[in-house]
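1. Next one to model:
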Amino acid sequence: MNGVATHLRIVQQTKQALRTGLLTPGDRLPTAREVVEATAINPNTALKACRELEREGLDEARRGLGTFGHATLGTGPAESPLRGELADWARRARTEGLEHDDVAALFTSVLNECFESEGDTA
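-> Okay, the predicted model is just below:
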């Protein structure tokens, strides 16, 4: 995610956790202060990420209690059979000598081809 603004990386990571079920509605999110302490990013960057998550309806601030996951983006459990198949594929790619970035580029390319086709139902 090089070249992506830090606050957007935080938003993307949160969305990923929501999609995979690692974060579910009602789960407490770290405060902006906790994010700053854990990552040493600028406090304004952390606040910007929090505002973006709230704007997208993905978190909910509860006065005096903190911020909590408000929505889910996943359509299946984190331990879907597809996850296992994908893990097997990734291990095979690594065994064949592909580096992390190579696998990510290959996967993204195939993913884009499958999901960007007009009228594709696959």
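2. When you work out contacts or count neighbours from here on, use the C-alpha atoms and nothing else.
-> Noted.
3. measure stretch 15-24 end to end?
-> Start to finish, the residues bounding stretch 15-24 are 11 Å apart (Cα to Cα, to the nearest Å).
4. Skipping adjacent residues, who's closest to L73 in space?
-> R19 (4.6 Å; Cα to Cα, 6 or more residues apart in numbering).
5. distance of the one you found from V36?
-> 24 Å.
6. and what of E56?
-> 21 Å.
7. Who has more neighbours out of the two?
-> V36 (17 against 11; other Cα atoms under 10 Å).
8. Find me the pLDDT at the spatially most central residue of the chain, would you?
-> In the chain, the residue lying closest to the centroid (Cα atoms, centre = their mean) is Q16, at 2.0 Å. Predicted confidence (pLDDT) for Q16: 85.
9. Then the one 3 residues further on?
-> Per-residue confidence (pLDDT) for R19: 81.
10. Then P25?
-> 83.
11. elements contacting the lengthiest helix in the chain?
-> The single longest helix within the chain, with elements called by DSSP state H, is helix 100-116. With contacts defined as 3 or more Cα pairs under 8 Å, 6 or more residues apart in numbering; DSSP states H and E, helix 100-116 has these neighbours: helix 81-95.
12. Show me the contact partners of the helix it packs on.
-> 100, 103 (Cα atoms under 8 Å, 6 or more residues apart in numbering).
13. What is the neighbour count of L47?
-> 17.
14. I'd say it and E34 touch.
-> No: using Cα atoms under 8 Å, L47 is not in contact with E34, being 11.1 Å away.
15. what does the domain assignment say about the protein?
-> 6-69, 81-116 (automatic domain parsing).
16. can you give me how far the first one is from the chain middle?
-> If I follow you right, that is domain 6-69. Relative to its chain's centre, domain 6-69 lies at 11 Å (Cα atoms, centre = their mean, to the nearest Å).
17. if we can go back for a sec, so the residue nearest to L73 belongs to a helix, correct?
-> Yes: counting by DSSP: H, G, I helix; E, B strand; the rest coil, R19 falls inside a helix.
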